[in-house]
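Undergrad: Any chance you can model this:
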Amino acid sequence: MKKTLVAVAALVATGAFAQVTIGGAVDMAVVKSSQDGVSTTQMFGATNEFSNVTFRGVADAGMGLKAEAFIDLGLYDRAGGAQFTRELYVGLKSEEAGSLRLGRQLTPLFLAAATNEVNGAPAAAGGLEGVLAIVLVDGVRDARRDGTIQYVSPSFAGITANVQSTQANTILAVGTGYGYGLSYSAGAFAAQYQVEKTKDESILDYIAQGAGAVGATTDGDTTTRSVLAASYDFGMARAHYMHGTAKHTALDVKGDYYGISVPMGAFTLTGSIYTASSNDGAATSKANGTLYKLNYALSKKTNAYIISGQDKFTTADSKLTTNSFGISHAF
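TA: Next comes the predicted model:
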């Protein structure tokens, strides 16, 4: 991390980028969890949002183009915890031509799921991590891809297209891959469809194994994931729907997600449910989850929240529940 900060400081000092913006967030909560009858209470980060520090540099590259560089450093809240690079990319963009980025990036498929997960609670039962792990069966539970080239088109009548190509990553056991998708937005309605294919990937069947899933189901084959997501703002509330699939030689997973967000002045009440199933060719396993959150905006950048969530794995007879109270601040 020190080397990264030095590099950023050097960019600013030399004027390599005309504008460098520093941002990020810190999130901490008291979490009481219960997994299959065993209860624990602890202080935990990333309950409502991930703690991180970001650096974004933008400069004029000529010919109507803007050059950009982005660094997103994730922060662990435990003693001795290491920092890690969530995103690190460089690219060119313009309103007429779209954007081209090279480096470690969030996948469009993850972003489609994340923007439609109304609670935004990554580490709570029934929350973002659970939805992604169960519905999308991301074995490494990492929504980023190294060595990725990604192009996003400009918007045409509310429609945006994207494509990506990823090189092999031996560290995360994810091979080469590619993805594509479309997004549409008009007034109160928004929708996305994203597909990603990866080779030589280890995956987990969380639905069959339950909350304590460990070990790889299989590796060496192609996994195809897809997400179809839509939302509509009714004014007094915004409703979300998402359908996800993951197809592997040894595993077939699908799931549905429903969410609603209701603003009430400084308070926002959100809730969601999901159902999912997996089939390994011999048996079908099922899971479901719920999450409810009450958020109070102390200011534009500071929130206090209460979260209650549950993941239930009916086939594995396993259940995980979490109840949290915390504060998050963005800067």
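Undergrad: For the nearest residue to K301 once chain neighbours are set aside, give me the pLDDT.
TA: Nearest residue to K301 in three dimensions, chain neighbours excluded: A330, at 4.5 Å (CB to CB, 6 or more residues apart in numbering). Yep, even glycine has a C-beta here, placed from its N, CA and C like the rest. Residue-level confidence at A330 comes out at 94, pLDDT.
Undergrad: Tell me how many other residues surround A330.
TA: Using other CB atoms under 10 Å, A330 has 15 other residues around it.
Undergrad: likewise E68?
TA: Neighbour count for E68, taken as other CB under 10 Å: 19.
Undergrad: so what's it up against?
TA: By CB atoms under 8 Å, 6 or more residues apart in numbering, E68 lies in contact with R56, G57, V58, V90, G91, L92, K93, S99, R101.
Undergrad: before we move on, which element is it in?
TA: Counting by DSSP states H and E, the element that carries E68 is strand 65-74.
Undergrad: again, but for S183
TA: S183 belongs to strand 177-186, assigned by DSSP H and E.
Undergrad: what separates that strand from the chain centre, distance-wise?
TA: Centre-to-centre, strand 177-186 and its host chain are 16 Å apart (CA atoms, centre = their mean, to the nearest Å).
Undergrad: which residues sit against that strand?
TA: 107-109, 112, 145, 155, 158-166, 190-199.
Undergrad: doesn't L109 fall inside a strand?
TA: No - L109 is assigned helix when assessed by DSSP: H, G, I helix; E, B strand; the rest coil, not a strand.
Undergrad: does it really touch T198, like I thought?
TA: No - at 10.4 Å, L109 does not count as touching T198 under the criterion of CB atoms under 8 Å.
Undergrad: relative to strand 65-74, how tilted is the longest strand along the chain?
TA: In the chain, taking DSSP state E as the definition, the longest strand is strand 19-35. Angle, strand 19-35 to strand 65-74, by axes from the mean of the first three to the mean of the last three CA atoms, to 10 degrees: 30 degrees.
Undergrad: Can you tell me the strand partners of strand 19-35 and which way each runs?
TA: strand 38-45 (antiparallel), strand 52-62 (antiparallel), strand 318-330 (antiparallel) (DSSP bridges).
Undergrad: Now distance to I306 too, for the ones you listed, in TSV please.
TA: Shown next, in TSV, are the strands paired with strand 19-35 (distance: least, CB to CB, whole Å):
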stretch	distance to I306
strand 38-45	14
strand 52-62	23
strand 318-330	5
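Undergrad: Where does the prediction get shaky in this structure?
TA: Applying pLDDT under 70 to the chain flags residues 1-18, 78-83, 121, 129-142, 168-175, 200-203, 211-220.
Undergrad: change it to 50
TA: Applying pLDDT under 50 to the chain flags the ranges 1, 3-4, 6, 139-141, 170-173, 216-217.
Undergrad: Using neighbour counts, trim the contacts of E68 to the buried set.
TA: Neighbour-count burial (16 or more other CB atoms under 10 Å) is assigned, among the contacts of E68, to G57, V58, G91, L92, K93, S99, R101.
Undergrad: Where do the helices of the stretch 51-200 of the chain begin and end?
TA: Here the stretch 51-200 of the chain has its helices, by DSSP state H, counting those that start in this stretch, at 108-115, 128-135.
Undergrad: Quick one: residues in contact with the first one.
TA: Outside helix 108-115, the residues within contact range by CB under 8 Å, 6+ apart are 120, 128, 131-132, 135-136, 143-144, 150, 152, 162, 164, 179, 181, 183, 192-196, 225-227, 229, 242, 244.
Undergrad: Would you show me how to pick out the buried ones of these in PyMOL?
TA: Burial among the contacts of helix 108-115 is assessed by 16+ other CB under 10 Å; the matching PyMOL selection reads:
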select buried, resi 120+128+131+132+135+136+143+144+150+152+162+164+179+181+183+192+193+194+195+196+225+226+227+229+242+244
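Undergrad: In strands, which of the contacts of helix 108-115 fall?
TA: When strands are assigned by DSSP E, the members of these inside them are 144, 150, 152, 162, 164, 179, 181, 183, 192-196, 225-227, 229, 242, 244.
Undergrad: Dump the strand holding S183 to CSV, restricted to CA.
TA: This file holds the C-alpha atoms of strand 177-186, laid out as CSV (Å, rounded to 0.1, in the frame of the first residue of the first chain):
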residue,chain,number,x,y,z
GLY,A,177,-12.9,-15.2,-20.2
TYR,A,178,-15.2,-12.7,-21.7
GLY,A,179,-18.4,-10.9,-21.1
TYR,A,180,-21.0,-8.7,-22.8
GLY,A,181,-24.2,-6.9,-21.9
LEU,A,182,-26.8,-4.2,-22.5
SER,A,183,-28.2,-1.6,-20.1
TYR,A,184,-31.3,0.6,-20.6
SER,A,185,-32.5,3.5,-18.6
ALA,A,186,-35.5,5.8,-19.3
